[in-house]
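Enquirer: pasting the structure only:
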């Protein structure tokens, strides 16, 4: 008879422990550790601009944590808009996301690579803005796109552009 109360007690303790999580979430289960625009500064650096149609350009984007420690986990969400349409920029083929923890003052970066399109071409996106959203956040920031039209992929699946993984900057 005594085995039943011990078994029930052990089972109850196990269920309570599995209900706990150490994900850093708040009482609503949301993770408070994702880096968010407003807590980090986001800047587009000096670009290697594609000078003519068919050339490749690269735009570096830097992130510096201005607040409490946060995490970049996965890839940034990047969208190009212009001429009445918006296109999401895909992740660089073969890129592997890494989880980066940023203390206050730490920096990371990623790059947007693109192929310049022919102005007025049917398959080119006449991009005017680039919108960046960090993973785990709904807040975005929009920057002017000053790098010319973006070529479309030959298969028509979107812009001939890609986003790299986050890289730690500095020590």
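Expert: Perfect, thanks for sending it. It should be emphasised that the depicted structure is a prediction, and the values quoted were computed from it without experimental measurement.
Enquirer: distance of residue 105 from residue 66?
Expert: Separation of residue 105 from residue 66 (C-beta to C-beta, to the nearest Å): 8 Å. Yep, even glycine has a C-beta here, placed from its N, CA and C like the rest.
Enquirer: neighbour count winner among those two?
Expert: It is residue 66, of residue 105 and residue 66, that has more neighbours when counted by other C-beta atoms under 10 Å, with 13 against 9.
Enquirer: What helix or strand is the residue lying closest to residue 145 once chain neighbours are set aside located in?
Expert: In this structure, residue 145 finds its nearest non-sequential neighbour in residue 127, 4.2 Å apart by C-beta to C-beta, 6 or more residues apart in numbering. Using DSSP states H and E, residue 127 maps to neither a helix nor a strand.
Enquirer: Could you give the number of residues near residue 137?
Expert: Counted with other C-beta under 10 Å, residue 137 comes out at 17.
Enquirer: likewise the one 5 residues further on?
Expert: Residue 142 is surrounded by 12 other residues when neighbours are defined as other C-beta under 10 Å.
Enquirer: Identify the bridge partners of the closest residue to it other than its chain neighbours.
Expert: Spatial nearest neighbour of residue 142, excluding adjacent residues (C-beta to C-beta, 6+ apart): residue 131 at 4.7 Å. Beta-bridge partners for residue 131, by DSSP bridges, are residue 79, residue 142.
Enquirer: Settle this for me: residue 124 is touching residue 160, isn't it.
Expert: No. Using C-beta atoms under 8 Å, residue 124 is not in contact with residue 160; the gap is 9.2 Å.
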